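1. Got a sequence here, can you build the structure:
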Amino acid sequence: MTQLLKEAIDQLYQLPEPQQDAMASLILQELEDEQLWNAQFAASQEQLTRLAVKVRSDIQAGRVRKMGWDELG
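-> Numbering: from 1, shown residues only. Model prediction:
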């Protein structure tokens, strides 16, 4: 366990139980979201690879031009 995580848990112990439960729910939700993101990212590798190949092809063919943020929109 890292020192930062230990400090956070030590502070959580000092909270009233309803606040501990609320914080625990937030942490568990964040962990679940992270797992979902990782699964979705892993499942999309083939599609991302195809997009990267297409972008490289478009760049080489001159179908892409560099733009600044003020030119978008």
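
2. Going by C-alpha atoms from here, please, whenever you check contacts or count neighbours.
-> OK.

3. What distance do you get for Leu26 to Glu32?
-> In this structure, Leu26 and Glu32 are 10 Å apart, going by Cα to Cα, to the nearest Å.

4. Ser44 now?
-> 18 Å.

5. Ala8 now?
-> Distance from Ala8 to Glu32, by Cα to Cα: 19 Å.

6. Check which residues of whichever strand or helix holds Gln29 are buried.
-> Under the criterion of DSSP states H and E, Gln29 resides in helix 17-43. Neighbour counts over helix 17-43 (16 or more other Cα atoms under 10 Å) mark Gln20 as buried.

7. Summarise which helices and strands the helix or strand that it is followed by is packed against.
-> In the C-terminal direction, the helix or strand that comes right after helix 17-43 (DSSP H and E) is helix 45-60. If contacts are counted by 3 or more Cα pairs under 8 Å, 6 or more residues apart in numbering; DSSP states H and E, helix 45-60 sits against no helix or strand.

8. residues making contact with helix 45-60?
-> Val64, Arg65 (Cα atoms under 8 Å, 6 or more residues apart in numbering).

9. go with 10 Å
-> Phe41, Ala61, Gly62, Arg63, Val64, Arg65, Lys66 (Cα atoms under 10 Å, 6 or more residues apart in numbering).

10. How much space separates the first one from Leu31?
-> In this structure, Phe41 and Leu31 are 15 Å apart, going by Cα to Cα.

11. Likewise for Arg63?
-> Counting by Cα to Cα - Arg63 and Leu31 are separated by 41 Å.

12. How about Thr49?
-> Taking Cα to Cα, one finds Thr49 at 27 Å from Leu31.

13. Ok, Thr2 next?
-> For Thr2, the distance to Leu31 equals 17 Å [Cα to Cα].

14. if I pick Lys6, what's in contact with it?
-> Under the criterion of Cα under 10 Å, 6+ apart, the neighbours of Lys6 are Leu12.

15. mind checking the SS state of it?
-> helix (DSSP: H, G, I helix; E, B strand; the rest coil).

16. Need the pLDDT of it.
-> You'll see Lys6 listed with a pLDDT of 97.
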